[in-house]
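J.: can you look at this prediction? I've put the sequence above it.
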Amino acid sequence: MPMITIDNVSKWYNPTFQVLKNCTTSVDKGEVVVVCGPSGSGKSTLIKTVNALEPVQEGTITVDGLSVTTMKKDLPKLRSRVGMVFQHFELFPHLRIVENLCLGQTKVLGRSEDSARAKAMKMLERVGLTAHAEKYPGQLSGGQQQRVAIARALVMDPICMLFDEPTSALDPEMINEVLDVMVELAKEGMTMMVVTHEMGFAKKVANRVIFMDAGEIVEDAQKDDFFGSPRSERAQQFLSKILAH
Amino acid sequence: MAQPLHGLLTRALAAGGYVNYNWNWGIFWEQTPEATGTYFSTLMSGLGVTIMLALCAWTIAFVIGSFIGIIRTLPSKWPVRLGNAYIEMFRNIPLLVQLFIWFFVVPELLPQELGAWVKQLRNGPFYTAMIGLGLYMSSRVATQVSAGINSLPKGQRMAGTAIGLTTVQTYRYILLPLAYRVIFPPLTSEFLNTIKNTAVALTIGVLELTARARSMQEFSFQVFEAFTAATVIYLALSAVVTIGMRYAEQRLVIPGFNGGKA
């Protein structure tokens, strides 16, 4: 059974502007799917519909068998099981790094302060930031902040992870430290949906690539097929531009 | 008071018709005709009322203003409209008119017995002023609170939601701690405005500082001494608040966020 299914999803920002057009796809357990496409193509919006950060007007989305699109009351609980990493990190600036990692654990999962802290420290060790536990987000570099953001999602023991352009706001020399953490995660079998322009990452760990343009899923193919011989002309153009440099 | 200033004032007074003004800075230590103590002690009791009124009104303004400010930032339409209507109403009617409405009009609209009870209430004018001023200032606090929340990056709300926090929790643990830090300086000046606006309460009979200065002038004819004292006391009170708030503000600084060094 797929972990995430997106079935015939459409979304309008206002009656005249449609951002998503009949999008259908799915992500299997343990699969890594990269979503790419030109800016404004709706890929960030699509990924945000998966944990209902963006509501949709038509279609259904299920995560782990539960319908996200019809659920109301248990939505926060479901969201806590879907890890999300944002382009601009979105760490909570008034909380120390370790507190950033504890907030969801104590307030949503009901873990004790002690066990949340222990888990947080374990996860910080994993992303190599133990020494920064008592600092504030503003005192860390972009790459470090994004690694903390990944750790903040992981402490919740997510069943899948969503990444919304996780390296787009980073200085070039910091991109790899974040990608390394993500590659590691992928190798461990985490189910991942990743919006990114990092085609190197896609080639290395993705199982499938989804190409979007103007709110539509234009191409949904196995990695090798996508990079080897994209079927649509738009995907070919996109690839030639993005791989040229 | 320095002699040159006296000379200047006396000349100005003469030009205005006050030919023989008798300066008497010792007046503060004389007994009032009401035999309730010295003029100084009545001014101090006025100051006490001013401070009490400001604190009570500010509490109302802060609590209600925060509530209205918050509902104006919710995703649904109706709370926003309600909040906007509230603000427009309390912000756009002059404070003096609002006090008169609360004091003279509202008791008449109440059921007869309740209205009579309200009118005979001990300290009635104080409570009326507290509510009137509190609600008036709440509209200004509300605007600040909404602005503070809206100034935060959209992603902060999303990040809270994404880790599974409910809307209430997102406000409680993320948006409000950040927003109040952002709006601390403008809130300080709204609190100072609250203190200054307490003077309007004299019109409905609250014996606060300005009322005390006026009665001192009426009993003693020492108008300049009386209002010099009131002026100095208001300035001193504002200075204390400003210094206190500046200290509090420094304690709220976060490294790499609101002006804190990274």
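T.: Arrived safely.

J.: just checking, what packs against the lowest-mean-pLDDT helix or strand in chain B?
T.: Each helix and strand of chain B was given a mean pLDDT (mean pLDDT, DSSP states H and E); the minimum falls on helix B:3-15 at a mean of 72. Contacting helix B:3-15 under the criterion 3 or more C-beta pairs under 8 Å, 6 or more residues apart in numbering or on different chains; DSSP states H and E is no other helix or strand. Yep, even glycine has a C-beta here, placed from its N, CA and C like the rest.

J.: just give the nearest non-adjacent residue to B:A248, would you?
T.: Nearest residue to B:A248 in three dimensions, chain neighbours excluded: B:F184, at 7.6 Å (C-beta to C-beta, 6 or more residues apart in numbering or on different chains).

J.: show me where the chain has its helices.
T.: Went with chain A since none was named. A:43-50, A:75-80, A:97-107, A:113-126, A:142-154, A:172-187, A:199-205, A:223-228, A:233-244 (DSSP state H).

J.: let's do chain B instead
T.: Counting by DSSP H, the helices of chain B are B:3-15, B:39-71, B:77-92, B:95-100, B:106-109, B:112-120, B:124-150, B:154-162, B:167-170, B:176-182, B:184-197, B:209-220, B:223-251.

J.: if you count neighbours, what's buried in the second one?
T.: When burial is assessed from 16 or more other C-beta atoms under 10 Å in any protein chain shown, helix B:39-71 yields the following buried residues: B:39, B:42-43, B:45-47, B:49-51, B:53-54, B:56-58, B:60-62, B:64-71.

J.: the third one too?
T.: Going by neighbour count (16+ other C-beta under 10 Å), the buried part of helix B:77-92 is B:83, B:86-87, B:90.

J.: do the same with the fourth one
T.: By 16+ other C-beta under 10 Å, the buried positions in helix B:95-100 come out as B:95, B:98-100.

J.: could you do the fifth one as well?
T.: Of the residues in helix B:106-109, those scored as buried under the neighbour-count criterion (16+ other C-beta under 10 Å) are B:P107.

J.: elements contacting it?
T.: If you count contacts as 3+ C-beta pairs under 8 Å, 6+ apart, helix B:106-109 packs onto helix B:112-120.

J.: with only the CA atoms kept, save the helix it packs on in CSV.
T.: Only the C-alpha atoms of helix B:112-120 are listed here, as CSV (Å, rounded to 0.1, in the frame of the first residue of the first chain):
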residue,chain,number,x,y,z
GLN,B,112,-34.0,50.9,36.4
GLU,B,113,-32.8,49.1,39.5
LEU,B,114,-29.5,48.2,38.0
GLY,B,115,-29.0,51.8,36.7
ALA,B,116,-29.8,53.2,40.2
TRP,B,117,-27.3,50.8,41.7
VAL,B,118,-24.6,51.8,39.2
LYS,B,119,-25.2,55.5,39.9
GLN,B,120,-24.9,55.1,43.7
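
J.: what residues does chain A put near chain B?
T.: Contact residues, chain A versus chain B (C-beta under 8 Å from any C-beta of the partner chain): A:48, A:51, A:53, A:76-82, A:84, A:86, A:88, A:90-94, A:103-104, A:107-109, A:135-139, A:152-153, A:156.
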